[in-house]
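>>> Mind folding the following:
(chains A, B, C and D)
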Number of protein chains: 2
Amino acid sequence: MSRLARLPGAVAADSPTFSPLYRQIKVLLTRGLQAGEWKPGELIPSETELAARFGVSQGTVRKAIDELAADHLLVRRQGRGTFVATHQEARAQFRFLRLRPDHGGDPGAMSSRVLACRRTRAPVDIARALQLRTGETVVQVRRLLSFDARPVVLDEIWLPGALFRGLTADRLAAYTGPLYALFESEFGIRMIRAAERLRAVAATRATAADLGVAPGEPVLQVERVTYTYEDRPVEVRRGLYATGRHHYFNELI
Amino acid sequence: MSRLARLPGAVAADSPTFSPLYRQIKVLLTRGLQAGEWKPGELIPSETELAARFGVSQGTVRKAIDELAADHLLVRRQGRGTFVATHQEARAQFRFLRLRPDHGGDPGAMSSRVLACRRTRAPVDIARALQLRTGETVVQVRRLLSFDARPVVLDEIWLPGALFRGLTADRLAAYTGPLYALFESEFGIRMIRAAERLRAVAATRATAADLGVAPGEPVLQVERVTYTYEDRPVEVRRGLYATGRHHYFNELI
DNA sequence: TAGTGGTCTAGACCACCGT
DNA sequence: CGGTGGTCTAGACCACTAA
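Below is the predicted model of the structure:
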């Protein structure tokens, strides 16, 4: 990375692609993260060092880092430095899983059981959501999440085969902890944001059996598309949530 | 409002209630909003004027306003000034209603029909959620939201009677537009944030008829508690969403 | 104690809006 | 054009962490 050409006024006047200095710094930092210059959990250089490197003031670097921290790409820790965010951290566990027990705050002991993991050809809808060609190889995972030994979430997960070579049922079963932490450390894929679409549907005979509910009983269907850097979709997840003892929590701000 | 006593160091060292200057400014501004010093839609004083009034630098006022804008209490407009946010604005309409049509982006023509509006005594659960005593007077509203003339949302709304004197079915029916805009302009109650709990449930015979679905069919139950200033709960809303042609959309960041 | 992020200031200039 | 918010700077000091 090198010193920036700083022409805020000139750039703004001439070009529709103007962005302020701190946004350009943000882009450079994001590229560094994407390129693996600093890995998840690692410390990035101090604000003063980055300011010197980019030839801008500390306040400008600060504003770029502020936004990256708001995006959960970086984590600030006063007195220690700024770190690359990771899905390993405790506070990241429930960032994408908005499920809570109806009574009490503690989600209880969560356990995951992998039901299937196979490579197959992408169905039309999955291919479109993942921006693949129909028929391209995808990895399909089915897994059951239980809270306090009670099944609550039945997930069907689709991943681009090219990005997840070597992902097998054994590998998944051997791993305890959040899937996104595994994806991050083993496949170098960092999940940045997700969009969910929720509907109420009736449990089919098969899914009802897995979830321990009666066939036809209402369950919450959660379709998630997860994105990595540059808004690239890298996961489709169709979950069925049994909302008898749990609910989907959402804060509106 | 008067000049602040600025003792950042001393306050921090001695007291666990320390907060930086810009947070104190934020509190003062919030009080001004709550007291109605500036009303929804109005222009607040410029950053420089506020800085002079509080005896701090413009940058400090700026940081306070930044947070209030992030909280959707204020809206910045470059070149014009900073305005008090209002539920009248178009962009506020779908801040709390996370419902979208399955196909296409435009939600289509939305219409509201008030089915009932009566004053009654608060049931136990409603009283607890609204921090009232059981049996205190509440206003109960039932209304049906339709998109393109198709019923989609059946809402049951509970409001503290003391805050909504004079709220009647006629008054509701006469008003077109978002309820929160009515609450804001007619009753001086500004909804700041909300928390929703979602479950999949089976439609009862009565609700199924209103929503135009089959009895027993899965519908999305959305329980919302809405808060005004100082995190005071002022509304409980239990909605049933027919998710045949629409879905609940949620962005995870 | 040294180094980090967090706060605050004062001042400059730019971008945008309405008159 | 004047006034507003938006960006950028340079420098000071505070709060926190780890050695």
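>>> For the residue nearest the centre of chain A, list the residues it contacts.
Here the mean C-alpha position of chain A is nearest to the C-alpha of A:M191 (CA atoms, centre = their mean), at a distance of 2.8 Å. Under the criterion of CB atoms under 8 Å, 6 or more residues apart in numbering or on different chains, the neighbours of A:M191 are A:87, A:96, A:180, A:183-184, A:226-228, A:234-235. Where you see a C-beta, it was placed from the backbone N, CA and C, and this is true even at glycine.
>>> now A:L144
A:112-113, A:115, A:151, A:153-155, A:210-211.
>>> how about 10 Å then?
Counting by CB atoms under 10 Å, 6 or more residues apart in numbering or on different chains, A:L144 makes contact with A:111-115, A:151-155, A:210-212, A:240.
>>> do A:A242 as well
A:99, A:147, A:150-154, A:203, A:207-208, A:210-213, A:217-220, B:199-200.
>>> Check the secondary structure at A:I189 for me.
Applying DSSP: H, G, I helix; E, B strand; the rest coil to A:I189 yields a three-state assignment of coil.
>>> Thought A:T226 was touching it, still the case?
Yes: shown here, A:I189 and A:T226 form a contact pair, counting by CB atoms under 10 Å, at 9.4 Å.
>>> Close to DNA strand D: what parts of chain A are there?
Within chain A, the positions near DNA strand D by CB under 7 Å from any atom of the strand are A:6, A:8, A:20-23, A:56-60, A:63, A:77-80.
>>> Recalculate using a threshold of 10 Å.
Within chain A, the positions lying close to DNA strand D (CB under 10 Å from any atom of the strand) are A:4, A:6-9, A:11-12, A:18-26, A:47-48, A:51-52, A:54-64, A:77-81.
>>> filter those residues down to the ones near chain B?
With CB under 10 Å from any CB of the partner chain as the criterion, the subset of the residues of chain A next to DNA strand D in contact with chain B comprises A:G59.
>>> Now intersect the residues of chain A next to DNA strand D with the helices, please.
Using DSSP state H, A:8-9, A:11-12, A:21-26, A:47-48, A:51-52, A:54, A:58-64 are the members of the residues of chain A next to DNA strand D that sit in helices.
>>> Which of the residues you listed are buried, as a ChimeraX select command?
To isolate in ChimeraX the members of those that are buried, counting by 16 or more other CB atoms under 10 Å in any protein chain shown, one can use:
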select /A:11,21,22,24,25,26,47,51,54,60,61,62,63,64
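>>> For beta bridges, what are the partners of A:R193?
As for beta bridges, A:R193 partners with A:Y227 under DSSP bridges.
>>> Could you double-check that it sits in contact with A:F96?
Yes: shown here, A:R193 and A:F96 form a contact pair, counting by CB under 10 Å, at 9.0 Å.
>>> Looking at those two, which is more packed in?
Between A:R193 and A:F96, counted using other CB atoms under 10 Å in any protein chain shown, the more crowded position is A:F96 (19 against 16).
>>> Pretty sure the more buried one sits in a strand.
No: applying three-state DSSP, one finds A:F96 to be coil, outside a strand.
>>> State the distance from it to A:I189.
14 Å (CB to CB, to the nearest Å).
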